[in-house]
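> no sequence on this one, just coordinates:
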Ligand code: SF4
């Protein structure tokens, strides 16, 4: 038994906190979630400082390169064609327009430019256009990330050949709760795409969403799944559900912000060397909650007024908050 500085039982084998391991059990993750808040935050801070400068925040910008009309039925998503959310479907953006946005993101201080397309999986002719975007964005000196839905092994290899640095594909929630959120593809489909991305040599961005009506045990299951992947995702976005009118989750109850901060802290402790991104949901989050998330080990944000189709804090609000916290952008 490992005992924290205040004497709380961490129920993790002695000396293993801070170690990069892939054999996390649900019992260990559950014990971390159950720690008294001061112990949890202390451990998260301690482990964060082993791998990162705690003042630094990685800044990414996310652009929707193909919006709406998605055939998948993700219950949280305003871009699903299954729900009436007022999001108009648009075609894939053209290369010049994407590059113009990437240049703006770079000037605003982003080190990574993420391109999101509302597809179940990309068609080959679309992939060709996306590969040109990846090459163009990379040539601007930005890291590239894409989120395009499910990929075959061959598609992952094509993206790698175009110079893609990161691929985002979230597991969303626990294996047990997944079927309540999405019925048009399986958890196993998700894991297979992640394996194709990893095998192609692309870095993985993979996390989940909380506040979708899941139980505390589902949050345990989500983190245990992420922390038990053969290689930890280099980037772990933790999203707070944005309840968009028209989606099945619109009327759900908001999650206690402390439960959100705990999820960030447990992600930090179990995946010590990964960048943990405070992702969707910041627009409705108090600055104090965001500051607690940074203390819990979050060290990345999306910067820019929009996250795909939902609002994000205005850039000057983020700059102001980071200044007041004495935090600075991480260089890539
Ligand atoms: S989350 Fe992605 S896959 Fe799911 S409906 Fe939205 S755009 Fe489609």
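Sure, I can see it. What you see is a predicted model, and the numbers here were worked out from it, not measured in a lab. Numbering: from 1, shown residues only.
> What segments of the stretch 201-332 of the chain are strands?
Taking DSSP state E, counting those that start in this stretch as the test, the strands found in the stretch 201-332 of the chain are 203-205, 208-210, 235-240, 275-278, 300-302, 306-307, 310-311, 328-329.
> Residue 153 reaches residue 198, doesn't it?
No: applying C-beta atoms under 8 Å, one finds residue 153 not in contact with residue 198, separated by 10.7 Å. Glycine gets a C-beta too; all of them are placed from N, C-alpha and C.
> higher neighbour count, these two?
Applying other C-beta atoms under 10 Å to residue 153 and residue 198 shows that residue 198 carries more neighbours, namely 18 against 13.
> Now do the contacts for that one.
Residue 198 makes contact with 204, 230-231 under the criterion C-beta atoms under 8 Å, 6 or more residues apart in numbering.
> Residue 207 now?
For residue 207, the contact set (C-beta under 8 Å, 6+ apart) comprises 170-171, 226, 233, 235-239, 267, 277, 279.
> if you set the cut-off to 10 Å instead, what comes out?
By C-beta atoms under 10 Å, 6 or more residues apart in numbering, the residues touching residue 207 are 168-172, 222-223, 226, 233, 235-239, 263, 267, 271, 274, 276-277, 279.
> Show me what counts as buried in the helix or strand where residue 46 lies.
Secondary structure assignment for residue 46, by DSSP states H and E: helix 37-51. Residues of helix 37-51 classed as buried under the neighbour-count rule (16 or more other C-beta atoms under 10 Å) are 39-48, 51.
> Those into CSV, with extra columns for pLDDT and distance to the ligand?
Formatted as CSV, the buried residues of helix 37-51 follow (pLDDT from 0 to 100; distance: C-beta to the nearest ligand atom, whole Å):
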residue, pLDDT, distance to the ligand
39, 96, 35
40, 96, 30
41, 97, 31
42, 96, 35
43, 96, 32
44, 97, 28
45, 96, 32
46, 96, 35
47, 96, 30
48, 97, 29
51, 95, 30
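> quick one: which of those is nearest residue 94?
residue 51 (39.7 Å; C-beta to C-beta).
> For that closest one, which non-adjacent residue is spatially closest?
Spatial nearest neighbour of residue 51, excluding adjacent residues (C-beta to C-beta, 6 or more residues apart in numbering): residue 273 at 4.7 Å.
> The one you found touches residue 21, doesn't it?
No: using C-beta atoms under 10 Å as the test, residue 273 is too far from residue 21 to be in contact (11.3 Å).
> Which of the strands of the stretch 201-332 of the chain sits closest to the ligand?
Of all the strands of the stretch 201-332 of the chain, it is strand 208-210 that lies closest to the ligand, at 9.5 Å by C-beta to the nearest ligand atom.
> Which of the contacts of residue 198 sits closest to residue 58?
Ranked by distance to residue 58 (C-beta to C-beta), the contacts of residue 198 are led by residue 204 at 15.0 Å.
> so how far is residue 87 from the closest one?
Residue 204 sits 27 Å away from residue 87, going by C-beta to C-beta, to the nearest Å.
> And residue 106, by the same measure?
Here the criterion is C-beta to C-beta. By it, residue 106 lies 27 Å from residue 87.
> Comparing the two, which residue is more hemmed in?
Just comparing residue 106 and residue 87: by other C-beta under 10 Å the higher neighbour count belongs to residue 87, 23 against 16.
> what residues are up against that one?
By C-beta under 10 Å, 6+ apart, the contact set of residue 87 is 64, 67-70, 77-81, 118, 244, 246, 308-310.
> if I pick the residue nearest to residue 51, what's in contact with it?
20, 47, 50-52, 232, 234 are the contacts of residue 273 under C-beta under 10 Å, 6+ apart.
> From these, pick the one nearest the ligand.
Using C-beta to the nearest ligand atom, residue 234 is the member of the contacts of residue 273 that lies nearest the ligand, at 20.6 Å.
> what about residue 181, how many neighbours?
Neighbour tally, residue 181, other C-beta under 10 Å: 21.
> how about it, what does it touch?
Going by C-beta under 10 Å, 6+ apart, residue 181 touches 73-77, 172-174, 209, 212-214, 218, 248-249.
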